[in-house]
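1. The sequence and its predicted three-dimensional model are supplied below.
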Amino acid sequence: MTRASRPTPLPTALAVLATLALALAGCSGSTGDEPGSRLSGALVDPQLSEISGLAASRRHRDVLWLHDDGGNPERLFAVSTGGARRATFRLAGVPKTDWEDIAAFELDGRRYLLIADTGDNGGLRRTLQLHVVEEPATLKNARLKPAWSIAFRWPDGARDCEAVAVDAARGQVLLVSKKRQPPELFAVPLRPTDTGLQTATLLGRLAGVPRPDAAAVQRSPRGARLEGQVTAADLSPDGRTLAVMTYRYLLLYRRAPRQDWGRAVAQPARVQPLPWLPQAEALGWAADGRSLYATGEFVPAPLYRIAP
C-alpha cells in the first residue's frame, strides 16, 4: 500500500517489541493466534520499512527476498530467515510506481524473481508492469537488469492488486485483486509470444473469504472492511496450493490434478487466522513447501514461519 514514509506509531512499535520479547523469552515458541505460527526473526533494520513483498530464494538457503513499497528506490533486499539484511540490489532501467509483491520460480533450469508493479490505490493506472530478474549467484550489493518485462492491462477498467504468484508449469502469472469482494483471480502469460501490451484474463473469483460479522462492523467499520482485502499471494513449490493473505487471514486453495485455477479457487479455502502483524503485507512459501513466511509493513516487525 503506497503511502508517505513515516515512523512506526508508538503503540504499534511497543506491541511488536512485546511480541518479540515474549518469543525470545521462550514462551513455548508460539507468538500468535495460530498454534502453527513461530517467530523466525525480526525486521529491525530501518532500510526494511514498508515491506510489501516477500519470496523465499530458490538459489540461496535460508534467504528471503524482500522489497519495499512505492516512493522508495528500485531495490531488492536479500534477508536471512532471521531478519538480517545481507545485500541490497538495485534494478537498472526499471521504474517503480507501486511495487506490491514478488514471486520466486524456476523455469528452464534457471531461478527467477518476478516483481509486480501493480499497486493502484486510486484506480488510475491504465497499464501495469511485471519485471523478471534472474536470482544473483552472489549475495553482494550490485545492480540487476530484468531478463524480461511484461506490460499488461485489466480487461474492464482499473483495479488495485497487491498479490501475485507464478505457475511456471502452466506459464501463468496469477494476480488477485485487493478491494473487490469477492476477490478476483486473473492471469497473464509468463512468457508472452509478443512484446506488446497484454490483457489479463479473468479466471474466477475466490470463495470462502471470511466476512466480518455485525459486531465487528459496529466496533470498527473501517477495520472490518479491511479484514478481507487481499495483500499477498504465493504458489507452493509443488504448484498445488495457492496461499492468499488478507490483513487478518491466511487462505489456502488446493488444486486437484488436471484442475484449473478458476475452479480451484471457486471451492472454499482452508482458512486460518494470521499471527499478530503490524499491517500484514508480505507472504511467501518456504523453499521446501512445508511452511510460509510472513511479515508486516512497519519496522520493527516480527517475521513469522507459519505451518499451514
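-> Happy to help now that I have it. Please read all numbers here as calculations on a predicted model, not as lab measurements.
2. excluding its backbone neighbours, what's nearest residue 160?
-> Leaving aside its sequence neighbours, residue 160 sits nearest to residue 178 (CB to CB, 6 or more residues apart in numbering; 4.4 Å). Yep, even glycine has a C-beta here, placed from its N, CA and C like the rest.
3. how many neighbours does the one you found have?
-> The tally of other residues near residue 178 (other CB atoms under 10 Å) stands at 22.
4. cool, and residue 85?
-> For residue 85, the count of nearby residues is 15 (other CB under 10 Å).
5. which residues does it bridge with?
-> Beta bridges link residue 85 to residue 79 when assigned by DSSP bridges.
6. who's in contact with it?
-> Contact analysis of residue 85 by CB atoms under 8 Å, 6 or more residues apart in numbering lists 45, 47-48, 77-79.
7. hmm, 6 Å instead?
-> Residues near residue 85 by CB atoms under 6 Å, 6 or more residues apart in numbering: 45, 77, 79.
8. ranking these by neighbours, who comes first?
-> Compared across the contacts of residue 85, residue 79 has the highest neighbour count, 29 neighbours, by other CB under 10 Å.
9. Surely that one is in contact with residue 64?
-> Yes. Proximity of residue 79 to residue 64 meets the contact threshold set by CB atoms under 6 Å, at 4.9 Å.
10. before we move on, back to that, export the contacts of residue 85 as TSV, with columns for pLDDT and distance to residue 245.
-> Formatted as TSV, these follow (pLDDT from 0 to 100; distance: CB to CB, whole Å):
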residue	pLDDT	distance to residue 245
45	97	22
77	98	19
79	98	18
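11. Nearest to residue 194 among the residues you listed?
-> residue 77 (32.9 Å; CB to CB).
12. any low-confidence regions in this protein?
-> Along the chain, segments meeting pLDDT under 70 span 1-35.
13. can you give me the helices in it?
-> Assigned by DSSP state H, the helices in the chain fall at 10-24, 214-219, 221-226, 261-265.
14. is the spatially closest residue to residue 77 that is not a sequence neighbour in a bridge, and if so with what?
-> Using CB to CB, 6+ apart and skipping the chain neighbours, the partner closest in space to residue 77 is residue 66 (4.5 Å). For residue 66, the beta-bridge partners are residue 54, residue 77 (DSSP bridges).
15. quick one: contacts for residue 66?
-> Going by CB under 6 Å, 6+ apart, residue 66 touches 51, 54, 77, 79.
16. so what's the last one up against?
-> If a contact means CB under 6 Å, 6+ apart, then residue 79 has 64, 66, 85 as its contacts.
17. Check the second one too.
-> For residue 54, the residues meeting the contact criterion (CB under 6 Å, 6+ apart) are 64, 66, 282, 284, 293.
18. ok, of the residues you listed, which come out buried?
-> 64, 66, 282, 284, 293 (16 or more other CB atoms under 10 Å).
19. Okay, residue 300 and residue 115: tell me how far apart.
-> 25 Å (CB to CB, to the nearest Å).
20. More neighbours: which of those two?
-> Of the pair residue 300 and residue 115, residue 115 is the one with more neighbours under other CB under 10 Å, namely 27 against 22.
21. Can you give me every residue that contacts the more buried one?
-> Residue 115 sits next to 99, 102, 131 when contact means CB under 6 Å, 6+ apart.
22. distance of the last one from residue 252?
-> Which is residue 131. The value you get for residue 131 to residue 252, if CB to CB is used, is 27 Å.
23. Mind checking which of these two has more residues around it?
-> Each of residue 131 and residue 252 has its neighbours counted (other CB under 10 Å); residue 131 has more, 24 against 16.
24. Nearest the geometric middle of the chain, what residue?
-> Centroid check for the chain by CA atoms, centre = their mean gives residue 232 as the closest residue, at 3.3 Å.
25. May I have the residues that are in contact with that one?
-> So residue 232 contacts 101, 163, 245, 282-283 (CB under 6 Å, 6+ apart).
26. Please flag which of these sit within strands.
-> Among those, the ones falling in strands (DSSP state E) are 101, 163, 245, 282-283.
27. how about those residues in JSON lines, adding distance to residue 149?
-> As requested, the ones in strands among the contacts of residue 232 are exported to JSON lines (distance: CB to CB, whole Å):
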{"residue": "101", "distance to residue 149": "15"}
{"residue": "163", "distance to residue 149": "19"}
{"residue": "245", "distance to residue 149": "25"}
{"residue": "282", "distance to residue 149": "22"}
{"residue": "283", "distance to residue 149": "24"}
